[in-house]
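> quick one, what's the 3D model for this:
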Amino acid sequence: MFDPNLFDQKHIQSQSSVALTVFAVGKYLDVYLGNFITSAEKHFMLGLQVTYYVFTDQADKVPIIELGPRRSLKVIQEFKGRFGSEALGDSVALVHAWYYKLPKDKFTYDRNPKSKAYMETGDYYYHAAIFGGLCDNVKDLADYCFLGIMEDKLNNVEALWHDESHLNKYFWLHKPSRLVSPEYCWDPVINEKRDINVTRLIWAPKHYDKLRTR
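Numbering: from 1, shown residues only. The predicted model follows:
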């Protein structure tokens, strides 16, 4: 039906990257996750850069699996409090937990004029962990980031924070209708909560030394 090598070489030359998302909660983590990742390492998008995003309520139980080159696994622990309809809007962006109290000159926008994500200034620094809105608006955002990343690749450029840099550029040009507080994706490493009284979704510890390969 098709020549797999032809497709593989095309995407390897284009430096395509792939994200695979899996939800592993409760008993499903124990029963399925290890086999799922192990089988993906044997069969899924071999030769390409792959990131597994594991959403779980038991981050400490995620199995340590040796991954191949250019493949990594990121654990995202799930919800701790109400995450409701107050977060809905036509175009939704999340204010980054590490930057919402900092002055604008401390925001880590991409400062390389050769990148499509280049920004001199902006309103906020947004976290790419959460965004949303109406279907057409989310598609516009995804298309904008994809085209920017592809154009950067053609020019041998990579934005500082990858897709997040392009997302920040998009929201600078197309203002979101709803800003979501950092409490909707809080990093517990920040010892002082400042004015954050409720945490609704939290970052999981990033054990890159165990979960990420070169």
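> pull the longest helix from this protein.
Longest helix in the chain by number of residues (criterion: DSSP state H): helix 135-154.
> now that one: average pLDDT?
What helix 135-154 shows for mean pLDDT is 95.
> chain center to it, what's the gap?
14 Å (C-alpha atoms, centre = their mean, to the nearest Å).
> and that helix, what's buried?
137, 141, 144-145, 148-149, 152 (16 or more other C-beta atoms under 10 Å). C-beta coordinates here come from the backbone N, C-alpha and C atoms, glycine included.
> which stretches in this structure count as helices?
Going by DSSP H, the chain shows helices at 4-13, 27-28, 34-43, 135-154, 163-173, 208-211.
> closest to residue 199 out of these?
When the helices of the chain are compared by C-beta to C-beta, helix 163-173 sits nearest residue 199, at 20.8 Å.
> before we move on, back to that, keeping just the C-alphas, turn the longest helix of the chain into CSV.
C-alpha atoms of helix 135-154 as CSV (Å, rounded to 0.1, in the frame of the first residue of the first chain):
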residue,chain,number,x,y,z
CYS,A,135,-12.6,25.3,18.0
ASP,A,136,-11.8,27.8,15.2
ASN,A,137,-9.7,29.9,17.5
VAL,A,138,-7.7,27.0,18.8
LYS,A,139,-7.1,25.8,15.2
ASP,A,140,-5.9,29.3,14.3
LEU,A,141,-3.5,29.2,17.2
ALA,A,142,-2.2,25.7,16.3
ASP,A,143,-1.8,26.6,12.6
TYR,A,144,0.1,29.8,13.5
CYS,A,145,2.5,28.0,15.8
PHE,A,146,3.0,25.2,13.3
LEU,A,147,3.7,27.5,10.4
GLY,A,148,6.1,29.6,12.5
ILE,A,149,8.0,26.5,13.7
MET,A,150,8.2,25.1,10.2
GLU,A,151,9.5,28.4,8.8
ASP,A,152,12.1,28.6,11.6
LYS,A,153,13.3,25.1,10.7
LEU,A,154,13.8,26.1,7.1
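> dump the helices of the chain to CSV, plus distance to residue 69.
Below are the helices of the chain laid out as CSV (distance: least, C-beta to C-beta, whole Å):
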stretch, distance to residue 69
helix 4-13, 12
helix 27-28, 28
helix 34-43, 11
helix 135-154, 19
helix 163-173, 21
helix 208-211, 14
